[in-house]
Every structure is written in structure tokens, then in C-alpha cells.
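Visitor: Here is a sequence together with a model predicted from it:
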Amino acid sequence: MYNEVIKKLLQKIEALPEKLVVMYLMKVYKLSQPMALQAVYAAYKSRVAYQKGGYAVRNPHVEINSALRHKGTAFRVLLEFLPESQEFICTPSPWILSFMKGNLYIQVCRIENGMELSTSMMIAAKPVPLEDRPSIKRIAIVEPGCRLEQIKAAGISHFCTVDEDFKLQIVKKTNPEEAWNDVPEKA
């Protein structure tokens, strides 16, 4: 059963940190950590997944690059919303992934140091109708030292950091109404 779960995860994101796959199994299926680790190792043994540098990968030829690392940190944000949000999709830039939580559509992006203004302006430029705004939640993963004051009000309600050990910390929350100040209603 867990082989299929892990296979499905790796079909969406071809490489995920092993630690996050274990966390996913623990949260969704209520497994203990040893049982979740055993499920991951069983997936390796049956060649549903392969182990590569601390990652579970879809096939042994996958190279771990910055794009896959960013998807891993976005997956960590998704884990905060489990078990309600087990389905997600990888989305085009500037979004990394999107998922549903109840009636909320949640979009996760990454804002790098030095790119605060340009990334947020790109996000804010796309119109979002007033009636859709209450059902959209945007979360930005920011790097430590990111200048939050330079980020436009692009609908982003939560700013967080995810460290190398995948510890998530919310560094700023924005009032939902004020979060959309710089986003036009219509094109």
C-alpha cells in the first residue's frame, strides 16, 4: 500500500527529501516514525523509489538540483496543512505548488533575497477578481534576510522560512484584505 503512496508522490515531484516522505506518511497514515521509515525502505527495496543523497527519487537518474530542492521546501509547507490536503499539483513559476484545503486554494511561491520587489510585482500584476480573493491563500517561502518591506501586496498572507532541517517558521502574517492591495481586479 505505501509503495503506491510513495510512487504517486514521486510522480508529482520526482525527488523529495526522505525526511519529508517519512513526515508525510506519519501525518496522513498515522504511522510511527520507525514504521514510516520502514515503508520508505521497503519502497527502495522494491525499486518503487531510489535513495540518493538523502532524497527519495523516482528513478536513479534524477539529479538533485535547486528546482527540486525548492519543491521540497514547498512540500514542507504543504505538510503543515495535512491531512486535509493530500492532493497537490506542481505549478508554473512563480508558484512552486498549489493545493486545496477545504474551500481554500493555496498557492506556494519562493521569494529569493534580492528578488523581493521583482517577484512580488510579477505576482501582483495578474488580476484576481474580488469575489475570488477570499478563496485564495498565498504563502511565500522567503530566505533568511529577505527584505519583507520590499514585497508588494500580491495576495500573500503568510511569509515563512524553511531551514535545511525542514523546520518551518512563519515570520510574518498579513491582514487578508491588505494582502491584495497591489493586485488589480481586472486586466
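Guide: Done, it's in. Numbers count the residues shown, from 1 in each chain.
Visitor: tally of neighbours for Asn175?
Guide: Look at Asn175: counted by other C-beta atoms under 10 Å, it has 10 neighbours. In short, each C-beta sits where N, CA and C put it, glycine included.
Visitor: could you pull out the strands for the chain?
Guide: Secondary structure of the chain by DSSP state E: the strands cover 15-17, 50-52, 55-57, 88-90, 95-101, 104-111, 136-142, 156-162, 168-173.
Visitor: Of these, which is nearest Leu79?
Guide: Closest of the strands of the chain to Leu79 is strand 168-173, at 8.1 Å (criterion: C-beta to C-beta).
Visitor: how about the strands of the chain in a markdown table, adding mean neighbour count, distance to His70 and mean pLDDT?
Guide: Shown next, in a markdown table, are the strands of the chain (neighbours: other C-beta atoms under 10 Å; distance: least, C-beta to C-beta, whole Å; pLDDT from 0 to 100):
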| stretch | mean neighbour count | distance to His70 | mean pLDDT |
| --- | --- | --- | --- |
| strand 15-17 | 24 | 11 | 97 |
| strand 50-52 | 16 | 17 | 97 |
| strand 55-57 | 23 | 13 | 97 |
| strand 88-90 | 15 | 10 | 90 |
| strand 95-101 | 19 | 6 | 91 |
| strand 104-111 | 21 | 5 | 93 |
| strand 136-142 | 22 | 8 | 95 |
| strand 156-162 | 20 | 10 | 95 |
| strand 168-173 | 12 | 14 | 95 |
